[in-house]
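Participant: any chance you can model this:
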Amino acid sequence: MKSTRSVAEADPDDYSTIFFTGGHGTMWDFPDSADVQRTGDAIYAAGGIVSSVCHGACALINLRDADGNPLVQNRSVTGFATVEERLAGVKSRVPFLLEDELRAKGAKYVRSTVPMTPHAVRDGRLITGQNPVSTKAVSDLILGALAETE
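Facilitator: Below is the predicted model:
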């Protein structure tokens, strides 16, 4: 952990995958971060995998594809659901609702019918998990996608 570089210090050419972890703090840190956008866009443009779990999907909101469209547009994705915000008792304290924001960017948002259960979605090189308990499912999808590129 002592030698972990920030996304600002990372050279996207050195990575084939980026994984945006969650936590409510990401709702303030990720969406408008130029470094998050630069790195995520570059990894995806180079044929890499962009992935997230839970609120980490906030990083996807302003990522763009090669044509300048939202990366999530017309793509199946997931992230922390509005019903889960309500159950966590923080719906009124977050700056936006992730589910709504992803839909506003044109995403085909999908969620588990049972809150706080593992749920992960892969749409090509875009891999997302709904909530914290989805981390293993996301990891398995990432490993499968990486194996396809070998």
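Participant: shouldn't Asp32 be in contact with Ala59?
Facilitator: No - using CB atoms under 8 Å, Asp32 is not in contact with Ala59, being 10.4 Å away. Every residue, glycine included, has its C-beta placed from N, CA and C.
Participant: and the two? which has more neighbours close in?
Facilitator: Ala59 (28 against 11; other CB atoms under 10 Å).
Participant: list the residues that contact that one.
Facilitator: Contacts for Ala59 (CB atoms under 8 Å, 6 or more residues apart in numbering) come out as 20, 26, 30-31, 33, 36, 40, 52.
Participant: what residues sit buried inside the longest helix along the chain?
Facilitator: The residue-count maximum for a helix in the chain (DSSP state H) belongs to helix 135-149. For helix 135-149, the neighbour count (16 or more other CB atoms under 10 Å) marks 135, 137-139, 141-142, 145 as buried.
Participant: so what touches it?
Facilitator: Contacts for helix 135-149 (CB under 8 Å, 6+ apart): 16-17, 19, 47, 49, 51-53, 118-120, 122, 125, 127-129.
Participant: cool, stretch 6-16 as well?
Facilitator: 18, 33, 35-36, 38-39, 42-43, 46-49, 146, 149.
Participant: any idea which of the residues you listed is the one closest to Leu71?
Facilitator: Ile43 (10.9 Å; CB to CB).
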